[in-house]
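Undergrad: Dropping the sequence and predicted coords here.
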Amino acid sequence: MIERIPANGDYGRPANLPGSSIDWSAHERDTLIDGRRVHYVDIGAGTSGFVCVHGMGGSWQLFTEILPSLARRGRAIALDLPGFGGSQMPASPATPELPSDTAAKLARELRLERVVFIGHSMGGPIALRFATRHPALADSLILLAGATKTFSTLLGLREVRRIAFERPADTAAIYTEVLTCGIPIPGPLKQAIAKRMLLRGAALWPYVHRPGELRLDTVAAILAGAGAPGVLPTARAIARSHPYQALREVQCPILSIGATHDHIVPRADLEAFAVIAPTAKTVLLEDCGHLTMLERPRALNEQIDQFLTEQRR
């Protein structure tokens, strides 16, 4: 059963109260994993907490609206995957296992004993691999638009004609993401996209439901990961694997969250995931696109908090 969370006028509104802004630069860190620099933010305290992993073309900045809420429950980490954001490209070729193993090595380096793994989009399959490859670390999984069956199918050039015929907008959104995420965007162009509604709509339509209603800092967070050299190698690695191949081995609780206006992980994928993972809690946010944590962060924080509270009972 999928629980629907109705629209309530909170689209694009920040999760935190005015005046509670955080100087994120004070929480940014770098470390070496497998001899390469990995960039991350670290907020909160404790030996248990959260590891947040972004999707294709993303960066740690996508989680700024949910990290403060997570930090009230423990230590909250959000990292740039190898080849994304401030993290260096890996020394060896990208594999489906590399992102989950990098997250696990970072968690152990920071002496985290148990973590809730939060994966957005491509981070969904990464979360499943994390849980099966590092079960002692995985307390539970939260997949944000992480039921990526159509995404992975199209990346592997499988069933392209059928999907393009049945869902042309979803097909265009997915291929647009892959083709554009690896293109660097000069600073002046980023500013123009943020300030001019026509440019904003043209650049962000695959990702968000209502681009014109987002704040400037939200748009900046979305554009921060553009041009990452890890996009195409990671896309090729994803295309070689099935997004749910590790699902049956996952032993921890799962929360899967989707959105009614997500073209990259459409509702059909969320429904299919709910069928093959019947023990997972599945939630659908109305009036929202692919970037749930930036479009409806208040509703998302409420769902995460409710799930975690239920797991502690």
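TA: Yep, that arrived.

Undergrad: can you pull the buried residues of the helix or strand harbouring residue 42?
TA: Using DSSP states H and E, residue 42 maps to strand 36-43. If you call a residue buried by 16 or more other C-beta atoms under 10 Å, then strand 36-43 has these buried ones: 36, 38-43. In short, each C-beta sits where N, CA and C put it, glycine included.

Undergrad: now stretch 122-135
TA: Neighbour-count burial for stretch 122-135 flags 122-132, 134 (criterion: 16+ other C-beta under 10 Å).

Undergrad: do the same with stretch 199-211
TA: By neighbour count on 16+ other C-beta under 10 Å, the buried set for stretch 199-211 is 200, 203-209, 211.

Undergrad: Would you point out the most distant pair within those residues?
TA: 203 and 209 (14.4 Å; C-beta to C-beta).

Undergrad: ok, back up a step: make TSV from the buried residues of stretch 122-135 and add distance to residue 304, pLDDT and secondary structure to it.
TA: Output for the buried residues of stretch 122-135, formatted as TSV (distance: C-beta to C-beta, whole Å; pLDDT from 0 to 100; DSSP: H, G, I helix; E, B strand; the rest coil):
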residue	distance to residue 304	pLDDT	secondary structure
122	19	92	coil
123	14	94	helix
124	15	94	helix
125	20	92	helix
126	18	93	helix
127	14	95	helix
128	18	94	helix
129	21	93	helix
130	17	96	helix
131	17	96	helix
132	22	95	helix
134	21	97	coil
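
Undergrad: confidence score at residue 17?
TA: Model confidence at residue 17, given as pLDDT, is 53.

Undergrad: cool, residue 203 as well?
TA: In this model, residue 203 is scored at 91, pLDDT.

Undergrad: Distance check, it against residue 193.
TA: 5 Å (C-beta to C-beta, to the nearest Å).

Undergrad: Which neighbours do these two have in common?
TA: Common contacts of residue 203 and residue 193 (C-beta atoms under 8 Å, 6 or more residues apart in numbering): residue 223.

Undergrad: before we move on, what SS does residue 7 have?
TA: Under DSSP: H, G, I helix; E, B strand; the rest coil, the three-state class of residue 7 is coil.

Undergrad: on that earlier part again, now, which of the buried residues of stretch 122-135 sits nearest residue 66?
TA: residue 123 (13.0 Å).

Undergrad: can you pull the buried residues of the host helix or strand of residue 221?
TA: If you go by DSSP H and E, residue 221 is part of helix 216-223. If you call a residue buried by 16+ other C-beta under 10 Å, then helix 216-223 has these buried ones: 218-219, 221-223.

Undergrad: List just the nearest of those residues to residue 77.
TA: Nearest to residue 77 out of the buried residues of helix 216-223 is residue 221 (C-beta to C-beta; 17.2 Å).

Undergrad: For the closest one, which non-adjacent residue is closest in space?
TA: Nearest in space to residue 221, with sequence neighbours left out and distances taken as C-beta to C-beta, 6 or more residues apart in numbering, is residue 61 at 4.2 Å.

Undergrad: Residue 58 now?
TA: residue 225 (4.5 Å).

Undergrad: Doesn't residue 77 belong to a strand?
TA: Yes - counting by three-state DSSP, residue 77 is located in a strand.

Undergrad: so how far is residue 130 from the residue lying closest to it once chain neighbours are set aside?
TA: Spatial nearest neighbour of residue 77, chain neighbours left out: residue 51 (5.1 Å); criterion: C-beta to C-beta, 6+ apart. Distance from residue 51 to residue 130, counting by C-beta to C-beta: 8 Å.

Undergrad: No further questions, thank you.
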